[in-house]
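1. Fold the following and give me the result.
(chains A, B, C, D, E and F)
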Protein chains: 4
Amino acid sequence: MLINIDASNGLAIYDQVVRQIKYAVANGTIREGELVPSVRELARDLTINPNTVARAYQQLQSANVLDSVRGTGLIVKKSATAKCRKERVTLLRQRIREVFREAKQSRLDFPELKSLVDEELERVNSTKPANGESE
Amino acid sequence: MLINIDASNGLAIYDQVVRQIKYAVANGTIREGELVPSVRELARDLTINPNTVARAYQQLQSANVLDSVRGTGLIVKKSATAKCRKERVTLLRQRIREVFREAKQSRLDFPELKSLVDEELERVNSTKPANGESE
Amino acid sequence: MLINIDASNGLAIYDQVVRQIKYAVANGTIREGELVPSVRELARDLTINPNTVARAYQQLQSANVLDSVRGTGLIVKKSATAKCRKERVTLLRQRIREVFREAKQSRLDFPELKSLVDEELERVNSTKPANGESE
Amino acid sequence: MLINIDASNGLAIYDQVVRQIKYAVANGTIREGELVPSVRELARDLTINPNTVARAYQQLQSANVLDSVRGTGLIVKKSATAKCRKERVTLLRQRIREVFREAKQSRLDFPELKSLVDEELERVNSTKPANGESE
DNA sequence: GTGGTCTAGACCACC
DNA sequence: GTGGTCTAGACCACG
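-> This next block holds a predicted model:
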């Protein structure tokens, strides 16, 4: 499955769907012109309400990622891949910058921040390969 | 005052106040035994609702950072500095971990993530105002 | 063929087909007794779903514009030209009235509306290709 | 009341709300910085479901017309008035152009179109409410 | 089958 | 009180 919902992380479900679809488009898991799963199908798979999926899909339409084809479904728009790829980097950069700003404001000294970051970077790197898609 | 509220970043205002007070205690900007600004004063300075400040202060009291002194106001508890200093690292680590989790989920490859992080780390280091030993 | 489908303007495709067939009958592009293109052919030409064409043709039959001839196809009924010509004005008047109602509701002042209309009227007049006698 | 809902005109209710709020902002009926009616209040007044109003308001937020102030309500953003005013003209122009394109395609001859338009323009002008445009 | 809209009712965080 | 989210269930138009 392309999407994992974490109901308890504070992020709205529809927003998790939006982001993960964008990520899937960014890294080519879903290609331009392809149909995304239907509202009802995705809702069933994630065991969430169809309205929630519909809401996510609507946001993706107004973000120019998806396009609705009447009676057929929703397809990934041309040029969405590049768009999502850029956006992914921008988004992450923003969030990283935000956290670093907060660290700076807390006056954590730079070496300590750096070691903290490196530690966590190492951590995420080591767990990364494990989480392939073997299912 | 050392608090910056960003009303538009999705984080609860009271939570931003809580975190930033903790940081201020951690780095000695507010010392143990000192009075924090009154609810009304802080609310006026930040142009936020006094109830929001009150709520933040309540949380800080139940977190053993502040103590109410009858007829006087709220002071920073003894031992709060050490406590907050420890917590500061924990809080920042959490936020860093969150961001990295998101990066991993987006399948950005590790080298790209690393360069992104290093870039921003460099950036925050160079713009740091009063740097060096923060304590 | 004289039909242009705009899949992205919110109007139902079958309805665009219906209206444009009526217009074609009204201005004599298709004459009484003539065969209209087959469902499959029109669907192929417009690259839309055959069901959609079929639906449009059904509506045109119940509107007494088309008549089915067994084993042959659909032909324009006798008296359909006059009928469609009348209806053409009615249909256009309706749409014009709708737009003006919207303008009024938006409280655009009348002079501004008038100049907008005149401007666009000028525009359509100058770009009109084969004008004059519509038959 | 600033908004009239016509349940039977084919347009989605939330969309009617969106447009009419934009119009109200465009002509200064609601000023920048002012609160719009609360979701529940407007829903009660229009006797529609609060979710429908909420949906309209969300669209207005992503269109940079409204801004949410936590626990307070939704206010009209700075610069929204100019934005809405421009958009109003653009929108109407588009719709007028569309109708004229359709008239042209139907091969209605220009004089007939012009008289149709003038007739309806006269009509809308004479029924224009209170403040008219006798100026 | 598809998406789009609407209602109803519920819970949450925040002011 | 405010907006924000989610569920559930319904109806529509379209292919």
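
2. Listing request: residues of chain A with sub-threshold pLDDT.
-> A:1, A:128-135 (pLDDT under 70).

3. Say whether DNA strand E is contacted by the host helix or strand of residue A:67.
-> Element membership of residue A:67 [criterion: DSSP states H and E] is strand A:66-69. Yes. Using CB under 7 Å from any atom of the strand, strand A:66-69 comes into contact with DNA strand E via residue A:68. C-beta: built from backbone N, CA, C; applies to glycine.

4. what pairs with that strand, and is each one parallel or antiparallel?
-> Here strand A:66-69 has these sheet partners by DSSP bridges: strand A:73-76 (antiparallel).

5. Can I get the partner strand as CSV, trimmed to CA atoms?
-> C-alpha atoms of strand A:73-76 as CSV (Å, rounded to 0.1, in the frame of the first residue of the first chain):
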residue,chain,number,x,y,z
GLY,A,73,-11.8,8.8,-11.7
LEU,A,74,-8.9,11.0,-10.8
ILE,A,75,-5.7,11.0,-12.7
VAL,A,76,-2.3,12.5,-12.0
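
6. List the buried residues in the strand holding residue A:67.
-> Residues of strand A:66-69 classed as buried: A:66, A:67 (neighbour count, 16 or more other CB atoms under 10 Å in any protein chain shown).

7. Which residues belonging to the helix or strand residue A:41 falls within are considered buried?
-> Assigned by DSSP H and E, residue A:41 belongs to helix A:39-46. By 16+ other CB under 10 Å, the buried positions in helix A:39-46 come out as A:39, A:42, A:43, A:46.

8. Skipping adjacent residues, who's closest to residue A:93 in space?
-> Among residues not flanking residue A:93 along the chain, residue B:116 sits closest, at 6.0 Å (CB to CB, 6 or more residues apart in numbering or on different chains).

9. Make sure the one you found is actually in contact with residue A:91.
-> No. Judged on CB atoms under 8 Å, residue B:116 makes no contact with residue A:91 at a distance of 11.0 Å.

10. re the thing from before, chain C versus the residue nearest to residue A:93, what's the distance?
-> Distance of residue B:116 to chain C, given as CB to the nearest CB, to the nearest Å: 37 Å.

11. In three-state terms, label that residue for me.
-> helix (DSSP: H, G, I helix; E, B strand; the rest coil).

12. ok now the helix or strand that the helix holding residue A:41 is followed by, how far from the chain's centre?
-> Helices and strands here follow DSSP H and E; after helix A:39-46, the next one along the chain is helix A:50-62. Distance, stretch centre to chain centre, for helix A:50-62: 14 Å (CA atoms, centre = their mean, to the nearest Å).

13. residues making contact with helix A:50-62?
-> Residues outside helix A:50-62 that contact it (CB atoms under 8 Å, 6 or more residues apart in numbering or on different chains) are A:13-15, A:17-18, A:21-22, A:36, A:39-40, A:42-43, A:46, A:66-68, A:74, D:62.

14. try it again with 7 Å
-> Residues outside helix A:50-62 that contact it (CB atoms under 7 Å, 6 or more residues apart in numbering or on different chains): A:13-14, A:17-18, A:21, A:39-40, A:42-43, A:66-68, A:74, D:62.

15. Report the buried residues of it.
-> Judged by neighbour count (16+ other CB under 10 Å), helix A:50-62 contains these buried residues: A:52, A:53, A:54, A:55, A:56, A:57, A:58, A:59, A:60.

16. List the contacts of the residue lying closest to the last one once chain neighbours are set aside.
-> Nearest-residue entry for residue A:60: residue A:66, 4.3 Å, with adjacent residues in sequence omitted and distances by CB to CB, 6+ apart. Residues in contact with residue A:66 (CB under 7 Å, 6+ apart) are A:36, A:57, A:60, A:74, A:75, A:76, A:77.

17. and stretch A:50-60, C-alpha only, in PDB?
-> Taking Å, rounded to 0.1, in the frame of the first residue of the first chain, the C-alpha atoms of stretch A:50-60 are listed here in PDB:
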ATOM      1  CA  PRO A  50     -15.000   8.100   1.900                       C
ATOM      2  CA  ASN A  51     -15.700  11.800   2.600                       C
ATOM      3  CA  THR A  52     -12.200  12.200   4.200                       C
ATOM      4  CA  VAL A  53     -10.600  10.700   1.100                       C
ATOM      5  CA  ALA A  54     -12.800  12.900  -1.100                       C
ATOM      6  CA  ARG A  55     -11.600  15.900   0.800                       C
ATOM      7  CA  ALA A  56      -8.000  15.000   0.300                       C
ATOM      8  CA  TYR A  57      -8.500  14.500  -3.400                       C
ATOM      9  CA  GLN A  58     -10.200  17.800  -3.700                       C
ATOM     10  CA  GLN A  59      -7.300  19.500  -2.100                       C
ATOM     11  CA  LEU A  60      -5.000  17.700  -4.500                       C
END
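
18. hmm, back to that, which one of the buried residues of helix A:50-62 is nearest residue D:112?
-> Within the buried residues of helix A:50-62, proximity to residue D:112 (CB to CB) peaks at residue A:58, which comes in at 41.6 Å.

19. thinking residue A:76 is in contact with residue A:28, fair?
-> No. With contact defined as CB atoms under 7 Å, residue A:76 does not count as touching residue A:28 (10.5 Å).

20. on that earlier part again, among the contacts of helix A:50-62, which are within reach of DNA strand F?
-> A:13, A:14.

21. Just name the closest of the contacts of helix A:50-62 to chain B, please.
-> Using CB to the nearest CB, residue A:21 comes nearest to chain B of the contacts of helix A:50-62, at 11.4 Å.

22. For burial, what's the neighbour tally of the closest one?
-> Counted with other CB atoms under 10 Å in any protein chain shown, the neighbours of residue A:21 add up to 28.

23. Could you check how far it is from residue A:27?
-> Distance from residue A:21 to residue A:27, counting by CB to CB, to the nearest Å: 11 Å.

24. And residue A:99, by the same measure?
-> 23 Å.

25. residue at max distance from the center of chain A?
-> In chain A, the residue that sits farthest from the middle, by CA atoms, centre = their mean, is residue A:109; the gap is 31.7 Å.

26. still on that earlier bit, residue A:99 and residue A:27 - which one has more neighbours?
-> residue A:99 (22 against 16).

27. What strand or helix carries that one?
-> helix A:80-105.

28. How about the contacts made by residue A:27?
-> residue B:107.

29. need the residues of chain A near chain D, please.
-> Taking CB under 7 Å from any CB of the partner chain as the test, the list of chain A residues beside chain D reads residue A:62.

30. Nearest residue to the residue in chain A that DNA strand F sits nearest to in space, ignoring adjacent ones along the chain?
-> Using CB to the nearest atom of the strand, the single residue of chain A nearest to DNA strand F is residue A:71, 2.2 Å away. With sequence-adjacent residues excluded and distances taken as CB to CB, 6+ apart, residue A:71 is closest to residue C:49, at 7.3 Å.

31. Against DNA strand E, how distant is residue A:24?
-> In this view, residue A:24 and DNA strand E are 15 Å apart by CB to the nearest atom of the strand, to the nearest Å.

32. Compute the distance between that residue and residue A:4, please.
-> Taken as CB to CB, the span from residue A:24 to residue A:4 is 11 Å.
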